[in-house]
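Undergrad: The amino acid sequence is not available; the structure is as follows:
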């Protein structure tokens, strides 16, 4: 029995030794895992980032780089998510930092930010004038006083009936026929809904009363002619009952020697030698050397027109005569008898009751440039 006890004691000791080794191994493993956990947590704690809080807000249209958001950091930096500065709204961006702990394991930390893109800039409206004055009855396009309507990012806005997104419009009760002071408002809205307004004033001044020309003032001739030397227009009045009323108007060219006053025509000629020397068609004498005539010609030939002088109609371009296109000089020549009253005056405010007719421009490169486009001559190439 003693022998068996010894054997059992030895076996028990062996078993106790093996259990202790296992317990020790388990302890060592737990300690190792603890050290690894602590190392990982330490690596995580070391992952830090300082950001520029101002860059959590982005102005629409401004360049934006997520890297600028981070002022300093530890570990490797990366982002998830993007920011589009051309689209207002909120953008979720994840900032990721990563590094290796002392055991070579990757430690990664994430920070979530919301980046807000906002359009805070209103459209910009530029006007030519803050106030405009017109005469009663004059035409006025209110939009012509608008120099530009632009968005700082998107550029020019379009005109529309209403100021919807991306458009501008005009709001006014302007009545050019009624004297008074009116406000024109320019309203604009950019594509993101920002609105702006600018206003200017239109003053409609009462139209001066036209002079009443009675039949006796025109010697009862069929027509009475008034020439506005200042603005180079001719208004023809026709006899209607006991007075003359506006009938037709011509554009003309006067000059520094054009006389003011009231005169009666006294002579006519088909062609006339003028200073230069040059020649004029359909001439009607007004006073002294002051005549109605066509734009000058180099010779007494209808195809030898001084075309560069023709293009000056509507400006002070003569020495003193009243230059007209052939059509208008011919009309006076044919319709206004000798003794027709011609009144010359200056008025810088009004062309006359019938306004200012347009002139025809002759292209200097045109093969027809030697002819007046209004000349009714059969061989005028402009008529073919």
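TA: Thanks, I have the structure now. Worth saying up front: this structure is predicted, and the values here are computed from it rather than measured.
Undergrad: sec struct for the spatially closest residue to residue 348 that is not a sequence neighbour, please.
TA: The spatially closest residue to residue 348, leaving aside those adjacent along the chain, is residue 230, at 4.8 Å (Cβ to Cβ, 6 or more residues apart in numbering). C-betas here are computed from N, CA, C, even on glycine. Under DSSP: H, G, I helix; E, B strand; the rest coil, the three-state class of residue 230 is coil.
Undergrad: do the same with residue 225
TA: Going by three-state DSSP, the secondary structure assigned to residue 225 is strand.
Undergrad: give me the number of residues near it?
TA: 26 (other Cβ atoms under 10 Å).
Undergrad: show me the residues around it that make contact.
TA: Listed by Cβ atoms under 8 Å, 6 or more residues apart in numbering, the contact set of residue 225 reads 234, 235, 236, 237, 332, 336, 340, 341, 342, 343.
Undergrad: cool, and residue 151?
TA: 121, 123, 124, 157, 190, 191.
Undergrad: rerun that using 6 Å as the cut-off
TA: Listed by Cβ atoms under 6 Å, 6 or more residues apart in numbering, the contact partners of residue 151 are 123, 190.
Undergrad: Going forward, the N-terminal residue is numbered 209.
TA: Done: numbering now begins at 209, and the last item shifts to residue 359.
Undergrad: what pLDDT does residue 225 get?
TA: You'll see residue 225 listed with a pLDDT of 66.
Undergrad: whoops, I mixed them up, residue 333
TA: Note for residue 333: predicted pLDDT of 97.
Undergrad: State the helix or strand in which the nearest residue to it once chain neighbours are set aside lies.
TA: Of all residues not flanking residue 333 in the chain, residue 406 sits nearest, at 3.9 Å (Cβ to Cβ, 6+ apart). Here residue 406, judged by DSSP states H and E, is contained in strand 403-413.
Undergrad: In the helix or strand that contains residue 299, which of the residues would be classed as buried?
TA: Element membership of residue 299, judged by DSSP H and E, is strand 297-308. For strand 297-308, burial by neighbour count (16 or more other Cβ atoms under 10 Å) applies to 299, 301, 303, 304, 305, 307.
Undergrad: Which one of the residues you listed is nearest to residue 352?
TA: Closest to residue 352 out of these is residue 299 (43.2 Å), distances taken as Cβ to Cβ.
Undergrad: Report the separation between the closest one and residue 261.
TA: 16 Å (Cβ to Cβ, to the nearest Å).
Undergrad: Who is the residue nearest to residue 332 when sequence neighbours are not counted paired with across the strands?
TA: Leaving aside its chain neighbours, residue 332 sits nearest to residue 358 (5.3 Å; criterion: Cβ to Cβ, 6+ apart). Under DSSP bridges, the beta-bridge partners of residue 358 are residue 332, residue 364.
Undergrad: Burial check on residue 358, number of neighbours?
TA: Neighbour count for residue 358, taken as other Cβ under 10 Å: 17.
Undergrad: Mark out where each domain of the chain begins and ends.
TA: Annotated domains of the chain cover 256-326, 332-413, 421-587 [automatic domain parsing].
Undergrad: Now do the end-to-end distance for stretch 560-576.
TA: Stretch 560-576 has an end-to-end distance of 32 Å (criterion: Cα to Cα, to the nearest Å).
Undergrad: I meant stretch 422-437, not that one.
TA: Chord length of stretch 422-437, first to last residue, is 22 Å (Cα to Cα).
Undergrad: what about the most centrally placed residue in the chain, which SS state?
TA: In the chain, the centroid-proximal residue (Cα atoms, centre = their mean) is residue 356; its distance is 3.6 Å. Three-state call for residue 356 (three-state DSSP): strand.
Undergrad: My guess is it contacts residue 335. True?
TA: No - Residue 356 lies out of contact with residue 335 (Cβ atoms under 6 Å); the separation is 9.2 Å.
Undergrad: Can you name every helix or strand that the strand holding residue 299 contacts?
TA: If you count contacts as 3 or more Cβ pairs under 6 Å, 6 or more residues apart in numbering; DSSP states H and E, strand 297-308 packs onto strand 284-288, strand 314-326.
Undergrad: Mind putting those strands into a markdown table with mean neighbour count and distance to residue 434?
TA: Listed next are the helices and strands packed on strand 297-308 as a markdown table, based on neighbours: other Cβ atoms under 10 Å; distance: least, Cβ to Cβ, whole Å:
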| stretch | mean neighbour count | distance to residue 434 |
| --- | --- | --- |
| strand 284-288 | 13 | 80 |
| strand 314-326 | 15 | 64 |
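Undergrad: Make a markdown table out of these and add mean pLDDT and distance to residue 278.
TA: What follows is the helices and strands packed on strand 297-308, written out as a markdown table (pLDDT from 0 to 100; distance: least, Cβ to Cβ, whole Å):
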| stretch | mean pLDDT | distance to residue 278 |
| --- | --- | --- |
| strand 284-288 | 95 | 6 |
| strand 314-326 | 95 | 10 |
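Undergrad: and residue 235, that's in a helix?
TA: Yes - under three-state DSSP, residue 235 falls within a helix.
Undergrad: Count the neighbours of it for me.
TA: A total of 10 residues lie near residue 235 under the criterion other Cβ under 10 Å.
Undergrad: And the pLDDT for it?
TA: pLDDT for residue 235: 89.
Undergrad: One more: residue 211?
TA: pLDDT recorded at residue 211 is 54.
Undergrad: for residue 563, phi and psi?
TA: phi 80, psi -170 (degrees, to the nearest 10).
Undergrad: Quick one: neighbours of it, just the number.
TA: Look at residue 563: counted by other Cβ under 10 Å, it has 14 neighbours.
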